[in-house]
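[1] here's a sequence, model it:
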Amino acid sequence: MVLAVANRGFDISDEGLYVLLADPLQENQAGIFNYDLFFKLLFRATGYSFSLVELRILRLLSYLLGAWALAAFWKNIRSEVKLSAEMFALCFLGLLFGYGFLPPTLSYNSLAVVLLCFWLYHVSFPQADLGRMLFIGVILGLLVYVKISLALVFYPLTLFILWKKTRPASLFALFLPLLLLELLCQAVVGESASSRLALGIPQTGLRPGYQVGVMLKVIAVGVLWTLLPAGAFALLGYLRRTRQVYFYLLLLPVIVGAIWICKLTSIAEEWTHVVLIGGAGLLGFCFAYYPRLPVKFNPWAVLLFLFPYLLHFGSNVYWLRIAVHYGVFWMLGLYFCFGHLRKEVLVLASVFAVVLVFNGLWWHPFGQDEALWKEKVAWVRPGGGQVYLDPVLVKILKGMDGDKTGERAGELLAIYRMPGLAWLSGKRLPNTPGIWDREQLDFFIRHQPEQVVYNQQQALPAEWVFGHRHVLGTYQQDSLIKLWK
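    Here you go, the predicted model:
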């Protein structure tokens with residue numbers, strides 16, 4: 001079901017950003033997400049760049065690796081002799097939840113989740129020798145390039161966890177891989193994460209919704225909407241365990257309340273938040289219904305339950321939308337504390353994985369107007385690659401064909417939130433792989449371009465004057481126009 005969409009559908013917003021970050025010729029000045037430098041290193045060494053289909057397959061393969069790492073983490077914390085095939089299957093199913101929201105292409109979100117699967121595996125060893133410290137340092141160094149906000153969380157957390165597992169002097173080994181990555185990228189590409197972040201972090205801080213207080217507030221809202229159903233169902237679990245008649249009196253009101261919370265917290269077409277609210281309720285019920293846990297409740301279980309909140313730091317996206325990517329950690333925590341329910345957990349994981357993948361990839365694909373089983377038209381991207389797109393999107397792309405000016409070869413300014421239009425037309429954006437708002441436009445584009453594809457979500461600079469205008473069509477409720485001098 002996942003591989004079948006490898007060449008079907010395309011989201012011109014987020015997925016456009018993902019594929020441009022993987023384009024070794026795309027500029028990324030003042031970048032916040034800097035893993036594109038690894039694609040540039042590979043291109044310098046081999047001349048190879050990845051297609052859309054390959055990037056989607058890479059994401060699926062990365063989930064298999066992440067599932068292996070989580071199964072190995074489980075082996076460590078349970079002191080088991082060998083990896084459990086059942087645990088590997090559970091972890092892989094949980095990671096597939098990530099297809100329920102956002103496009104299926106390799107991204108900084110999916111990479112961060114997989115990296116932290118390996119982080120859990122390595123920090124869970126009882127002792128940390130120098131080799132182990134270097135492995136963990138590699139993971140943290142990669143995290144700096146993939147999602148700097150998470151590196152700011154997990155470097156201190158790593159020091160806290162490893163402080164008693166190794167000699168204090170060995171902790172410096174955590175920073176050596178990052179230093180080597182910086183030197184390598186600077187020497188080969190002429191850029192590094194630190195050189196970009198020095199400009200990127202201040203610029204991002206000026207954008208609406210990216211202040212630290214706002215991002216912490218987003219996490220706090222997620223905590224609130226999960227604690228409420230968890231508390232309500234914990235009350236039901238206690239009443240059920242103590243066989244009180246109030247259980248039957250409160251059952252319907254609590255269920256109605258949970259449905260009301262789901263309705264109240266729905267801000268978009270996706271319904272993945274229902275899985276998270278339901279999962280919080282299930283955890284609350286289990287902890288109250290089974291007061292004596294089958295295993296000792298230890299810090300690893302606490303960390304697993306906190307992971308969905310920790311991984312959200314640095315994002316201004318509504319927690320209840322994106323946290324489905326982190327659902328695997330709650331499932332592991334549930335499995336860890338209530339191992340006698342493993343069959344039930346596996347059944348739930350299987351059902352929700354199928355439903356989320358089907359809904360997120362086929363029925364309501366992110367950023368697309370039509371389900372993927374509906375009519376699609378083949379679009380051959382200039383420069384290579386074929387993808388089947390909505391007919392209306394193909395019509396828009398054909399309307400963009402042909403430069404009407406002497407614009408810099410290979411570049412097209414497509415704003416706002418639609419870098420995929422440039423990529424599908426075989427071009428790149430000037431200076432940055434994506435412009436989401438006016439603040440970014442003013443920062444990255446200092447002079448009026450010869451032409452622009454524009455969706456009218458926000459105003460253009462007042463001094464920009466174009467002599468020609470062509471209406472391309474409507475896509476994702478946006479009216480797209482092409483302007484040129």
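[2] for the rest of this, base every contact and every neighbour count on C-alpha atoms.
    Noted.
[3] quick one: mean pLDDT for the helix or strand where Gly284 lies?
    Secondary structure assignment for Gly284, by DSSP states H and E: helix 272-289. Averaging pLDDT along helix 272-289 yields 93.
[4] got a list of contacts for that helix?
    Applying CA atoms under 8 Å, 6 or more residues apart in numbering, the contact partners of helix 272-289 are 100-101, 225-227, 229-238, 240-241, 258, 262, 265-266, 320-321, 323-324, 327, 334, 356.
[5] and those, which are buried?
    Buried by 16 or more other CA atoms under 10 Å: 100-101, 225-227, 229-238, 240, 258, 262, 265-266, 320-321, 323-324, 327, 334, 356, out of the contacts of helix 272-289.
[6] among those, which lie within helices?
    When DSSP state H defines the helices, the subset of the buried ones among the contacts of helix 272-289 inside them is 225-227, 229-238, 240, 258, 262, 320-321, 327, 334, 356.
[7] what is the burial count for Tyr108?
    By other CA atoms under 10 Å, 19 other residues sit near Tyr108.
[8] measure the residue nearest to it when sequence neighbours are not counted to Thr158 for me?
    Nearest residue to Tyr108, sequence neighbours excluded (CA to CA, 6 or more residues apart in numbering): Val146, at 5.5 Å. Distance, Val146 to Thr158, using CA to CA, to the nearest Å: 17 Å.
[9] likewise Thr272?
    On the measure of CA to CA, Thr272 and Thr158 end up 31 Å apart.
[10] who's more crowded, these two?
    Between Thr272 and Thr158, Thr272 has the larger neighbour count (other CA under 10 Å), namely 24 against 19.
[11] please report the distance of that one from Glu463.
    In terms of CA to CA, Thr272 sits 43 Å off from Glu463.
[12] ok, now Leu421?
    Using CA to CA, Leu421 is found at 25 Å from Glu463.
[13] before we move on, what about Asp14?
    Distance from Asp14 to Glu463, by CA to CA: 29 Å.
[14] what's the answer for Phe175, then?
    47 Å.
[15] ok, now Leu483?
    Relative to Glu463, and taking CA to CA, Leu483 is found at 14 Å.
[16] would you mind telling me which of those two has the busier surroundings?
    More crowded of Leu483 and Glu463, by other CA under 10 Å: Leu483, with 19 against 8.
[17] looking at this, the more buried one is in a helix?
    No: using DSSP: H, G, I helix; E, B strand; the rest coil, the secondary structure at Leu483 is strand, not a helix.
[18] show the contacting residues for it.
    So Leu483 contacts Gln451, Val452, Val453, Tyr454, Phe466, Gly467, His468, Arg469, His470 (CA under 8 Å, 6+ apart).
[19] and for Leu70?
    Per CA under 8 Å, 6+ apart, neighbours of Leu70: Phe88, Cys91, Cys117, Phe118, Leu120, Tyr121.
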